[in-house]
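Asker: build me a model:
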Amino acid sequence: MKRLLFIPILIAVTACSASTGSKGSSSVDRSTLTREDIQSSGAIDAFVAVQTLRPHWLMKRGTTTLNQSEFIKIYLDGNLMGGPEHLRQISTHSIASIRYMDALDATQRYGLDHGQGAVLVYTKKGP
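Answerer: Prediction:
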């Protein structure tokens with residue numbers, strides 16, 4: 001008798017776990033711009049692409065120190081370029097993807113002077 005009760009429960013649990021696969025998932029990664037996203041924006045450089053598609057990535061988020069003002073750091077294929085104005089030097093034709101790291105993640109990865117976050121640009125020829 002106990003076995004008869006166990007079988008419907010097992011079937012229900014199996015059915016529920018099978019229905020939570022990635023096919024039905026509609027979550028979008030808001031921290032990454034794909035090549036397709038960038039091309040569809042019609043932007044000619046990375047700054048315009050980010051400003052058009054994810055303007056909040058470039059917004060300043062409060063003060064980090066009393067004596068100096070931090071800015072969002074820009075990395076191109078793993079190399080620090082500087083502030084957001086450097087995005088204007090990167091043609092969208094060479095970009096594979098652009099990823100945003102919030103202040104916490106950027107500080108953990110790159111150090112304390114990343115309190116405004118970081119934008120990582122990967123080119124087709126990059127690592």
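Asker: which residues does Thr32 contact?
Answerer: Shown here is Thr32, whose contacts under the criterion C-beta atoms under 8 Å, 6 or more residues apart in numbering are Ser97, Ile98, Arg99, Tyr100. Just so you know, the C-beta spots here come from the backbone N, C-alpha and C atoms, and that holds for glycine as well.
Asker: the helices in this protein, which residues?
Answerer: With DSSP state H applied, the chain shows helices at 2-18, 35-41, 46-53, 103-110, listed in chain order.
Asker: lowest average pLDDT across those helices?
Answerer: Looking over the helices of the chain, mean pLDDT reaches its minimum on helix 2-18, with a mean of 52.
Asker: and Lys124, backbone torsions?
Answerer: The main-chain torsion angles of Lys124 are listed as degrees, to the nearest 10 and equal phi -60, psi -30.
Asker: dump the residue contacts of the closest residue to it other than its chain neighbours.
Answerer: Spatial nearest neighbour of Lys124, excluding adjacent residues (C-beta to C-beta, 6 or more residues apart in numbering): Ala96 at 4.9 Å. Neighbouring residues of Ala96 by C-beta under 8 Å, 6+ apart: Arg35, Tyr122, Thr123, Lys124, Gly126.
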